[in-house]
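**Q** sequence plus the predicted model coming up.
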Amino acid sequence: MRKRIYYDAGRGVWFYIKTGDWTIGASIPTDLKVQLGHYVNISMDTDKPYEFNDEHQKEYPAEKYKKKK
């Protein structure tokens, strides 16, 4: 399963799920870093982008961004 991770470039912080809850940090754990792949840029006027994760999963499905063989 793909992990959903957000990065706020303005504040230089990451949002990711850790033990079932969204966490904020200056960096992401190594195990998540190795899973980073395709990404989309989303401009949002919020300090909690993860609150829109369900909508983002529908609008930007992972299958759409997989490399084609």
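**A** Now that the structure is in, tell me what you want to look at.
**Q** A strand includes residue 15, no?
**A** Yes - Residue 15 forms part of a strand when assessed by DSSP: H, G, I helix; E, B strand; the rest coil.
**Q** does it touch residue 26 like I think?
**A** No - if you go by CB atoms under 8 Å, residue 15 and residue 26 don't touch, sitting 11.6 Å apart. All C-beta atoms are positioned from the backbone trio N, CA, C, and that covers glycine.
**Q** ok, those two, which is more surrounded?
**A** Higher neighbour count among residue 15 and residue 26: residue 15, with 20 against 8, using other CB atoms under 10 Å.
**Q** nearest spatial neighbour of the more buried one, skipping sequence neighbours?
**A** Leaving aside its sequence neighbours, residue 15 sits nearest to residue 6 (CB to CB, 6 or more residues apart in numbering; 4.1 Å).
**Q** after the lowest-mean-pLDDT helix or strand in the chain, next one along is what?
**A** When the helices and strands of the chain are scored by mean pLDDT, DSSP states H and E, helix 30-33 comes last with a mean of 84. Going down the chain from helix 30-33, the next helix or strand is helix 53-59, by DSSP states H and E.
**Q** what pLDDT, on average, does that next one get?
**A** Mean pLDDT, helix 53-59: 88.
**Q** do the same with stretch 19-27
**A** Averaged over stretch 19-27, pLDDT sits at 91.
**Q** list the buried residues in that stretch.
**A** Neighbour counts over stretch 19-27 (16 or more other CB atoms under 10 Å) mark no residue as buried.
**Q** first-to-last residue distance for that stretch?
**A** Terminal residues of stretch 19-27 are spaced 16 Å apart (CA to CA, to the nearest Å).
**Q** CA atoms of the least confident helix or strand of the chain as CSV?
**A** Taking Å, rounded to 0.1, in the frame of the first residue of the first chain, the C-alpha atoms of helix 30-33 are listed here in CSV:
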residue,chain,number,x,y,z
THR,A,30,14.0,6.5,6.5
ASP,A,31,11.5,3.7,5.8
LEU,A,32,9.1,6.2,4.3
LYS,A,33,11.9,8.1,2.4
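**Q** please state the offset of that helix from the chain centre?
**A** Centroid displacement of helix 30-33 relative to its chain, using CA atoms, centre = their mean, to the nearest Å, is 12 Å.
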